[in-house]
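Asks: structure of the sequence below:
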Amino acid sequence: MNKILIAWLMLPFAASANEVDAYCRLTKVQANAQSLVLSAPKVFLSMGSTQSQDNVASMGISQSLSDKIQAKLIEKIADNKCKIYSTNQSIEDSLKFLNNKVLLSQIQAQTPLLIEALNLAEQNLYLEKKLFDSQNGTLRELTEAYRDRDDIRASISFNEQQRSVLQNTPNVDIQNNLKEQIAASEIAKSNIAYLTSKLNTTAGWDVIGSTGLKRELESGTNKAFVSLNMYWSLGEPKSSKAAALVEELTRDYLKQQYDSTGNAFLRLVHSTQGVLAAEKDINTSLMQQIQSNSEMLARVNTISTVEANRARNLLQIKQKVLRANWVASNVKLKELNEWLSINEVNK
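Replies: The predicted structure follows:
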């Protein structure tokens, strides 16, 4: 158990809700800084000569349709980035801290029974001391009584050390459906890839509406004007066709990427299935030991000798420890089964 705990505690702590909020605010403000410039009308002023007129000053306001669309795309990209960050934090918490959550539940169920076992061990130690002082007990039996007491006390202390660390890790919801969250995250990632490509293709065309005033500087004549300018890149059709493929290619890439959240989730499911199978064997073994111990206790209870009393005390202590471990195993089986019933990939 120690090695498992050390491995779990080496995992980094998860981001807080405040961190997610801060990231989303930052991302949206950065997007606004760009989109507000693009979406706003532009004031222009020009001076010069044309083929038909000399010394003409023009001023007015113009609006680009392409820029308006780009501004909307930038805002959508920011929204998807925020969604990915928020969703991924929940997913990563479950991937990193599921085992911690299960272990903490085991400790909470196991510790009260270990305390009961410790009380029995303390009573047994007291009796062994009296027997040893009265020369009716041996040093070996007294030493075993000390060892039993100290082993149980060490287990309780170790549980408390684990609890003090694990209680500071995120509270992972066993009912959390990671499959749905991962699917939503991967859709958002694909959307970002597509929207980014769409942003590039939108720069391949534009429709600009302008209105303003022209002034002939020599004559002082003013004339209002309205104009509509359009341009279109000959490469825009091929660019749009390539952009249409990006979303599907991104999803395929995420499936193939070893370190993707989806593949990490699949590995967690498979490893959890293996842990569950092993825990079922452990649970069966503990149940068999409890039954065997109960049978021996029943036999010893029919005998009233000093040796029988000593054996009864040791068997009662052992029974409490076995039941503590069995209860902890049951908790682990319950929570892992519950998690797998929601998240197994073949459902």
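Asks: how close does E279 sit to S329?
Replies: 6 Å (Cβ to Cβ, to the nearest Å). C-beta coordinates here come from the backbone N, C-alpha and C atoms, glycine included.
Asks: out of the two, which sits in the busier spot?
Replies: S329 (21 against 17; other Cβ atoms under 10 Å).
Asks: for this structure, which segments count as helices?
Replies: 2-9, 17-39, 65-133, 139-166, 178-202, 236-256, 261-300, 306-343 (DSSP state H).
Asks: any chance of these in TSV, plus mean pLDDT and distance to G220?
Replies: Listed next are the helices of the chain as TSV, based on pLDDT from 0 to 100; distance: least, Cβ to Cβ, whole Å:
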stretch	mean pLDDT	distance to G220
helix 2-9	38	82
helix 17-39	88	35
helix 65-133	89	34
helix 139-166	92	83
helix 178-202	87	42
helix 236-256	86	43
helix 261-300	91	68
helix 306-343	91	78
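Asks: nearest to G209, of the ones you listed?
Replies: Nearest of the helices of the chain to G209, taken as Cβ to Cβ: helix 65-133 at 7.8 Å.
Asks: how about I61, what does it touch?
Replies: With contact set as Cβ atoms under 8 Å, 6 or more residues apart in numbering, I61 has these partners: 41-44, 210-212.
Asks: which of those lies closest to M59?
Replies: Closest to M59, out of all of the contacts of I61 and judged by Cβ to Cβ, is G212, at 5.4 Å.
Asks: for the closest residue to Q123 other than its chain neighbours, what are its contacts?
Replies: Leaving aside its chain neighbours, Q123 sits nearest to N313 (7.4 Å; criterion: Cβ to Cβ, 6 or more residues apart in numbering). If you count contacts by Cβ under 8 Å, 6+ apart, N313 has them with 120, 123-124, 127.
Asks: check Q319 too.
Replies: Neighbouring residues of Q319 by Cβ under 8 Å, 6+ apart: 290, 293-294, 297.
Asks: nearest to G60, out of the residues you listed: which one, please.
Replies: I290 (89.6 Å).
Asks: and that closest one, how far from K280?
Replies: 16 Å.
Asks: same check on V43?
Replies: In terms of Cβ to Cβ, V43 sits 74 Å off from K280.
Asks: so these two - more neighbours on which side?
Replies: K280 (15 against 10).
Asks: my guess is that one contacts L333. True?
Replies: Yes. The criterion here is Cβ atoms under 8 Å, and K280 meets it with L333 at 6.7 Å.
Asks: pLDDT score for the nearest residue to V43 once chain neighbours are set aside?
Replies: Nearest non-adjacent residue to V43, counting by Cβ to Cβ, 6+ apart: I61, 5.5 Å away. In this model, I61 is scored at 94, pLDDT.
Asks: when you give positions from now on, start the count at 29
Replies: With 29 as the first residue, the last one maps to I89.
Asks: who's I89 bridged to?
Replies: Assessed by DSSP bridges, I89 has beta-bridge partners V71, T239.
Asks: how close does the one residue sitting closest to the centre of the chain get to F293?
Replies: By Cα atoms, centre = their mean, the chain has its centre lying nearest to E120, at 2.1 Å. According to Cβ to Cβ, E120 stands 10 Å off from F293.
Asks: same question, E103
Replies: 30 Å.
Asks: any of the contacts of I89 buried? List them.
Replies: 238, 240 (16 or more other Cβ atoms under 10 Å).
Asks: and the contacts of I89 as CSV, adding pLDDT?
Replies: Conversion of the contacts of I89 to CSV gives the following (pLDDT from 0 to 100):
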residue, pLDDT
P69, 92
K70, 93
V71, 93
F72, 87
S238, 92
T239, 92
G240, 91
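Asks: with just CA atoms, put stretch 193-212 into PDB.
Replies: Extracted in PDB, the C-alpha atoms of stretch 193-212 (Å, rounded to 0.1, in the frame of the first residue of the first chain):
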ATOM      1  CA  VAL A 193      -2.700  14.300   2.300                       C
ATOM      2  CA  LEU A 194      -5.600  12.800   0.300                       C
ATOM      3  CA  GLN A 195      -8.300  15.100   1.900                       C
ATOM      4  CA  ASN A 196      -6.600  18.000   0.100                       C
ATOM      5  CA  THR A 197      -6.900  16.500  -3.300                       C
ATOM      6  CA  PRO A 198     -10.000  17.300  -5.500                       C
ATOM      7  CA  ASN A 199     -13.200  15.600  -4.600                       C
ATOM      8  CA  VAL A 200     -13.700  13.500  -7.700                       C
ATOM      9  CA  ASP A 201     -17.300  12.500  -8.500                       C
ATOM     10  CA  ILE A 202     -17.500   8.800  -9.100                       C
ATOM     11  CA  GLN A 203     -20.700   9.500 -11.100                       C
ATOM     12  CA  ASN A 204     -18.800  11.700 -13.500                       C
ATOM     13  CA  ASN A 205     -19.400  10.500 -17.000                       C
ATOM     14  CA  LEU A 206     -16.000  11.000 -18.600                       C
ATOM     15  CA  LYS A 207     -17.000   9.600 -22.000                       C
ATOM     16  CA  GLU A 208     -19.500  12.500 -22.500                       C
ATOM     17  CA  GLN A 209     -17.000  15.100 -21.300                       C
ATOM     18  CA  ILE A 210     -14.200  13.800 -23.500                       C
ATOM     19  CA  ALA A 211     -16.500  13.700 -26.500                       C
ATOM     20  CA  ALA A 212     -17.500  17.400 -25.800                       C
END
